[in-house]
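*Asks:* starting from these lines, generate the structure:
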Amino acid sequence: MRTGSITITGAQVWDGAGFAPRDVHITDGRVTAGPAADAATLDGAGRWLVPGLIDAHFHAYATSMDGFENERGPLSFTALNGARRLSRTLGRGFTTVRDVAGGDIGLAQAIDADLFDSPRYHFTGPALSQTGGHGDPRSAHVDVCFSHGHMCEVVDGVDALRLAVRNRLRTGAHAIKVMASGGVFSLTDPIRVPQYSQEELRAVVEEATRRGSYVCAHAYSAEAVQHAISAGIRSIEHGNLIDRETAERMADAGAFLVPTLAAYDAMDRRGASIGLNATSLAKNTEVLTKGQDAVRLAHEAGVRVGFGSDLMGDLEDDQLAGVRLQVEASGAAATLRSMTAVNAELIGDESLGHLGEGAYGDALLLASDPLSTAALWEQDARVAVVRGGLMV
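*Replies:* Here you go, the predicted model:
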């Protein structure tokens with residue numbers, strides 16, 4: 001990945017709690033104490049500088065609103081479409097993404113080789129789903145075989161799951177994704193019912209932990225979330241239907257919550273017009289109004305709350321709407337921390353999520369104060385995006 005040197009002068013710079021004026025020097029892609037001799041200059045006077053944003057629930061390969069098309073369409077098309085999705089995300093100020101259901105080492109290699117402009121990229125590979133679980137795209141009346149696709153793989157049983165985890169880690173996966181409850185997009189699973197047995201989830205966690213990795217779980221309901229964290233799962237994705245007791249248990253377990261508010265809002269407003277099926281539209285109604293409540297409950301309990309978008313198909317351009325929705329739930333400062341320091345802690349890279357010395361030279365320059373204006377979620381407020389010391 002190419003890097004550069006730049007000095008951003010005169011901006012109000014986010015320090016994790018507030019803003020203060022200082023110059024930020026980036027040398028060969030890292031924040032340094034002083035400027036490089038050949039550094040470019042970006043005038044930040046009268047503007048606000050924040051670390052590059054992180055989307056911790058992204059899907060590069062979610063090219064369609066149809067599950068089978070996502071899974072079994074030509075990988076060449078899927079990868080090229082994914083490259084475009086990643087480039088557009090970078091333009092919105094997200095300089096790092098965590099792809100939690102899909103992606104592969106080939107896409108990561110293309111990014112490292114600078115074949116296209118992209119955020120830093122962490123992927124899980126296909127998510128693990130039980131038969132008839134959230135990652136199984138078959139409807140009840142369809143009698144066809146399905147074992148795996150670009151975003152999900154159906155794997156049942158402890159031994160098979162151990163092998164699947166080992167193979168993902170062999171091929172560069174950052175973390176492991178499991179489907180631990182029903183979901184909106186799938187056709188045959190009740191949204192609240194926990195998926196996988198404790199023995200199966202524990203096997204996945206054991207294998208990931210042994211390699212220094214972790215497991216993130218798709219889960220909506222209180223019972224599914226408690227089922228997942230009891231097995232040692234570190235990151236709960238969505239969590240819309242949690243209650244106060246579950247939030248407190250998450251905090252005690254040290255688990256993260258990654259809300260994905262953009263997805264439900266976008267599916268509610270636009271899903272029917274772009275072909276989302278009736279089953280998924282009905283399921284979406286159940287979780288639509290609960291996502292912001294879950295964010296508030298999690299914050300009150302002391303859970304570390306990240307940020308994700310989870311947008312499928314043509315809904316990808318609603319990514320910044322998710323920022324607005326999370327600001328409504330928890331405030332601008334907390335949301336900014338969610339998109340920077342909290343997501344960096346979740347990913348496990350101390351060079352992400354801040355602009356202190358040694359950090360990656362990833363930054364977003366905004367036209368107005370994001371704590372008191374709509375700058376965090378308005379595209380027009382983005383003055384410049386810097387990734388690795390280069391303006392993109």
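*Asks:* from here on, just use CA atoms for contacts and neighbour counts.
*Replies:* Will do.
*Asks:* quick one: the strands in the stretch 101-250 of the chain?
*Replies:* 120-123, 127-129, 152-154, 176-179, 215-221, 235-241 (DSSP state E, counting those that start in this stretch).
*Asks:* make JSON lines out of those strands and add mean neighbour count and mean pLDDT.
*Replies:* JSON lines is the format used below for the strands of the stretch 101-250 of the chain (neighbours: other CA atoms under 10 Å; pLDDT from 0 to 100):
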{"stretch": "strand 120-123", "mean neighbour count": "22", "mean pLDDT": "98"}
{"stretch": "strand 127-129", "mean neighbour count": "27", "mean pLDDT": "96"}
{"stretch": "strand 152-154", "mean neighbour count": "24", "mean pLDDT": "93"}
{"stretch": "strand 176-179", "mean neighbour count": "29", "mean pLDDT": "98"}
{"stretch": "strand 215-221", "mean neighbour count": "27", "mean pLDDT": "97"}
{"stretch": "strand 235-241", "mean neighbour count": "26", "mean pLDDT": "97"}
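*Asks:* out of the ones you listed, nearest to V342?
*Replies:* In terms of CA to CA, the element of the strands of the stretch 101-250 of the chain nearest to V342 is strand 235-241, at 11.7 Å.
*Asks:* report all helices and strands that that closest one contacts.
*Replies:* Strand 235-241 sits against strand 215-221, helix 222-230, strand 256-258, helix 291-301, with contacts defined as 3 or more CA pairs under 8 Å, 6 or more residues apart in numbering; DSSP states H and E.
*Asks:* what is the distance between the last one and the centre of its chain?
*Replies:* Per CA atoms, centre = their mean, to the nearest Å, the displacement of helix 291-301 from the mean C-alpha position of its chain is 18 Å.
*Asks:* reformat the strands of the stretch 101-250 of the chain as a markdown table; add distance to T96.
*Replies:* Converted to a markdown table, the strands of the stretch 101-250 of the chain look like this (distance: least, CA to CA, whole Å):
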| stretch | distance to T96 |
| --- | --- |
| strand 120-123 | 4 |
| strand 127-129 | 20 |
| strand 152-154 | 22 |
| strand 176-179 | 18 |
| strand 215-221 | 17 |
| strand 235-241 | 17 |
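*Asks:* so which of these comes closest to V383?
*Replies:* Going by CA to CA, the one of these nearest V383 is strand 120-123, 20.2 Å.
*Asks:* show me what the closest one is packed against.
*Replies:* strand 94-99, helix 105-112.
*Asks:* who touches the first one?
*Replies:* Where contact means CA atoms under 8 Å, 6 or more residues apart in numbering, the residues beyond strand 94-99 that reach it are 52-60, 89, 118-125, 347, 362-363, 386-387.
*Asks:* could you do the longest one as well?
*Replies:* With CA under 8 Å, 6+ apart as the contact definition, helix 105-112 has outside contacts at M1, A79, F116, D117, S118, R120, Y121, H122, T171, G172, A173.
*Asks:* do the same with stretch 85-92
*Replies:* Taking CA under 8 Å, 6+ apart as the rule, stretch 85-92 contacts A60, T95, F116, D117, S118, P119, E316, L320, Q379, R382, V385, V392.
*Asks:* for the nearest residue to E223 once chain neighbours are set aside, which residues are in contact?
*Replies:* Excluding its sequence neighbours, the residue lying closest to E223 (CA to CA, 6 or more residues apart in numbering) is P194, at 6.7 Å. By CA under 8 Å, 6+ apart, the contact set of P194 is A180, S181, G182, A219, S221, E223, A224, V225, H227.
*Asks:* give the bridge partners for the fourth one, please.
*Replies:* The one in question is A219. For A219, the beta-bridge assignment (DSSP bridges) gives partners H238.
*Asks:* does it really touch I236, like I thought?
*Replies:* Yes. At 6.4 Å, A219 and I236 qualify as touching, with contact defined as CA atoms under 8 Å.
*Asks:* hey, what's in contact with both of the two?
*Replies:* In contact with both A219 and I236: V225, using CA under 8 Å, 6+ apart.
*Asks:* where does pLDDT dip in this protein?
*Replies:* Residues of the chain that meet the criterion pLDDT under 70 lie in 137-140, 143-147, 185-187.
*Asks:* rewinding a little: among the strands of the stretch 101-250 of the chain, which comes closest to S280?
*Replies:* strand 215-221 (14.5 Å).
*Asks:* can you add mean neighbour count and give the helices and strands packed on strand 120-123 back as a markdown table?
*Replies:* A markdown table is the format used below for the helices and strands packed on strand 120-123 (neighbours: other CA atoms under 10 Å):
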| stretch | mean neighbour count |
| --- | --- |
| strand 94-99 | 28 |
| helix 105-112 | 16 |
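*Asks:* could you dump those into CSV and include distance to A298?
*Replies:* Converted to CSV, those look like this (distance: least, CA to CA, whole Å):
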stretch, distance to A298
strand 94-99, 21
helix 105-112, 33
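*Asks:* looking at the ones you listed, which is nearest to G306?
*Replies:* So among the helices and strands packed on strand 120-123, strand 94-99 is nearest, using CA to CA, at 11.5 Å.
*Asks:* before we move on, the earlier item: ok, which of the helices and strands packed on strand 120-123 comes nearest A278?
*Replies:* Across those, A278 has its closest neighbour in strand 94-99 (26.6 Å, CA to CA).
*Asks:* partners of the closest one, with directions?
*Replies:* strand 53-58 (parallel), strand 120-123 (parallel).
*Asks:* residues contacting V184?
*Replies:* V184 neighbours (CA under 8 Å, 6+ apart): I191, S280, L281, K283, N284.
*Asks:* out of the residues you listed, who's nearest T373?
*Replies:* Distances from T373 to the contacts of V184, taken by CA to CA, are shortest for N284, at 29.8 Å.
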